[in-house]
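Participant: Below: sequence and its predicted model.
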Amino acid sequence: MLNTACAQKPPIITIPTGANYVSEENLSIQSTVLLNNEQGVVPLTGLDKATIASVRFTHEYAPVFDSLLNKYARVKNFNGLTYYNISKLTDDLKLYNTIILQLTDLDLNNQQLLNFITMNDKLKKMVVVYWGSGIPLNKLDGVNTPVIWCNRISPVAAAYAAQAVFGGMAITQKLTKNASAKYVAGSGFITAKTRLQYTVPEAVGIKAENLTAVDNIANEAINDHATPGFTVLVAKDGKVIFNKAYGYHTYTKTQPDKITDVFDLASVTKISATTLEVMKLVDEGKLSLDSTMGSYVALARNTSKNDIKIRELMLHQAGLVSYIPFYERIKATDHSSDSSAAYPTKVADGYYMRKDYFKEVMWPQMLNSALRTRGQYVYSDLSMYFMKEVVETVTATPLNVYVQDNFYNPLGMQTAGFLPRNRFAADQIVPTENDTYFRHTLLTGYVHDQGAAMVGGVSGHAGLFASTNDLAILFQMLLNGGNYGGIQYFKPETVAQFTAKQSNVSRRGLGFDRWDPVVSKHYPSNYASDQTFGHTGYTGTCVWVDPKSQLVYIFLSNRVYPKDSTLLNSRRIRGRIQDVFYEAMQKGM
């Protein structure tokens, strides 16, 4: 039977901190080798097509291992000790094309498990991760499945091995002596770090104790009702050193915020979706920044928007009005409380817009809106409404589908996307405003922006939802010059072009907001370098990337709950928390 040990209560796992963590991490690196990797299976790639299962037996630090795996991709965890029949386990794994098998010395002496490995060796993509003495390693001489062997057994070794599976950390060692007839001295494969690593601040020369000011600022923000809660993530040098949730979904304090929670990103959508697609199309030569809107959008050709250049839209210098309050013009006949063929567009629970409302009302309003002086900087949501129409015309693919297929899924992003209520339970989505003037309901998983909601939740300027970890993956890719997980998503020069200052009249890049040269504004932070690019969102979100410091800073909140509050902005909560990390870098160890 598979049950190689009596089921016991899971032990309490104590993970070292600070310098002790870094020391154990280094020992784990020095004690790990990768065998049988001739086909380059490790690090795992093709995450958009992978269905991954992690199977454990007697590995005591499996919870740590599985937790780290799920930073990179959605991995289903199986406890092999609950199975008494190898066939039942095999059957439950039939829909998974990738299996990560956790083994110990005890497990390698179980013939059923060895049979399982042999049976799946060629049937599925499999990675064996083995912690132990190496004595029973000869049991794996007959298989071709990659084997990651670490002779240290600790929670940090478990975390390291999980990251090595996905390329979050490199494997650098080879066997120093014979382990079996097959695995001889000098055997082993070296891998490169291709994805984010998850570690402690001390790994990048920062004392964790110098980050406690974040907690103080968080308490101030939550106690003074600047926001019910928020999550923060910071990555330095490609290593996530801080990811913490504060407060609650609402002021009732019934549901604590979690780092896996999904937030309405508001205008961070502009750079996390629409601008990415524009970059890709420019990269591929399918879209020119100096072509006109009328070149792509037929209905613009007989309007004042015909000769607006794509570059002008991306810089907010097209002379457009800043926004149009579309919801103020809705008539009683334009919406219904029930879904039907006549009212198919869902705006919120119990609120549906009539068919073709965007085409018949909103779109003409935008195309016929006033045009101001071209070349001046006026931040306008209309620019990204227009860019959505442009890119969808070029690709013949809806914006939400294109970014999901070309970026989010291949990158291993598990929460990012539009229309989150179609994919997640409501309790994983942080509510935004209690809308008392338009939809008359608490907005949970329905985009806060009224115009984006009226077009069905997918727009070029708003509508994207995500967690901090997903955004860290996305923006680390940009910081890497368009490369992540061994895939080149953009040419480095395309990333450099879009994120650099491109305007003579504003601080902006193409789609991206940037560091403000007016020092008194302290934007986005007192210490951010002049290379910094990113964006903020109305709901209380921001992403900032500082190439000079190799820093990615992400802050997600729902400051508009239960109604719009200015305290998060007036107290500079986002910027002050960002400052803490720069100050900690300056203090060093």
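Facilitator: Sure, I can see it.
Participant: count of neighbours near Pro256?
Facilitator: 12 (other CB atoms under 10 Å). (C-beta placed from N, C-alpha, C; glycine too.)
Participant: residues in contact with it?
Facilitator: Residues counted as contacts of Pro256 (CB atoms under 8 Å, 6 or more residues apart in numbering) are Gly229, Ala245, Gly247, Tyr248, His249.
Participant: can we see that at 6 Å?
Facilitator: Tyr248 (CB atoms under 6 Å, 6 or more residues apart in numbering).
Participant: mind checking how far it is from Val232?
Facilitator: With distances taken as CB to CB, to the nearest Å, Pro256 is found 15 Å from Val232.
Participant: just Asn400 next, same as before
Facilitator: Counting by CB to CB, the gap from Asn400 to Val232 is 27 Å.
Participant: The two: which is more packed in?
Facilitator: Val232 (25 against 20).
Participant: Need the per-residue pLDDT for that one.
Facilitator: Looking at Val232, its pLDDT reads 98.
Participant: Just the pLDDT for the residue nearest the centre of the chain.
Facilitator: The residue lying closest to the centre of the chain (CA atoms, centre = their mean) is Asp470, at 0.9 Å. On pLDDT, Asp470 comes in at 98.
Participant: try Gln8
Facilitator: Gln8 is assigned 53 on the pLDDT scale.
Participant: now do the one 5 residues further on
Facilitator: The score at Ile13 is 89. That number is its pLDDT.
Participant: tell me the contacts of it?
Facilitator: Per CB under 6 Å, 6+ apart, neighbours of Ile13: Pro155.
Participant: Now do the phi/psi pair for Val552.
Facilitator: phi -120, psi 120 (degrees, to the nearest 10).
Participant: how near is it to Ala235?
Facilitator: Remark: distance between Val552 and Ala235 (CB to CB) = 4 Å.
Participant: which residues are common contacts for these two?
Facilitator: By CB under 6 Å, 6+ apart, the residues touching both Val552 and Ala235 are Ala472, Gln476.
Participant: quick one on the thing from earlier: what's the first helix or strand after the helix or strand harbouring the residue nearest to the centre of the chain?
Facilitator: Per DSSP states H and E, Asp470 falls inside helix 468-479. With elements assigned by DSSP H and E, the helix or strand that comes after helix 468-479 is strand 483-484.
Participant: Parallel or antiparallel, which strands does that following strand pair with?
Facilitator: Neighbouring strands of strand 483-484 in its sheet, by DSSP bridges, are strand 487-488 (antiparallel).
Participant: Give me the contact list for the strand it pairs with.
Facilitator: Gly482.
Participant: same check, this time on stretch 530-550
Facilitator: For stretch 530-550, the external contacting residues (CB under 6 Å, 6+ apart) are 227, 237, 264-268, 271, 432, 448, 471, 475, 479, 499, 509, 512-515, 524, 528-529, 552-557, 559-560, 568, 574.
Participant: Select from the residues you listed every entry located in helices.
Facilitator: Among those, the ones falling in helices (DSSP state H) are Leu471, Phe475, Leu479, Thr499, Leu568, Arg574.
Participant: measure the first one to Glu202 for me?
Facilitator: If I follow you right, that is Leu471. Separation of Leu471 from Glu202 (CB to CB): 24 Å.
Participant: more neighbours, the two?
Facilitator: Leu471 (26 against 19).
Participant: what are the bridge partners for the residue nearest to the more buried one when sequence neighbours are not counted, then?
Facilitator: Once flanking residues are discounted, Leu471 sits nearest to Ile554: 4.9 Å by CB to CB, 6 or more residues apart in numbering. With DSSP bridges as the criterion, Ile554 is bridged to Leu233, Val543.
Participant: List the contacts of Ile554.
Facilitator: Here Ile554 is in contact with Leu233, Thr468, Leu471, Val543 (CB under 6 Å, 6+ apart).
Participant: Could you measure from it over to His59?
Facilitator: 32 Å.
Participant: before we move on, what about Ala158?
Facilitator: Distance from Ala158 to His59, by CB to CB: 7 Å.
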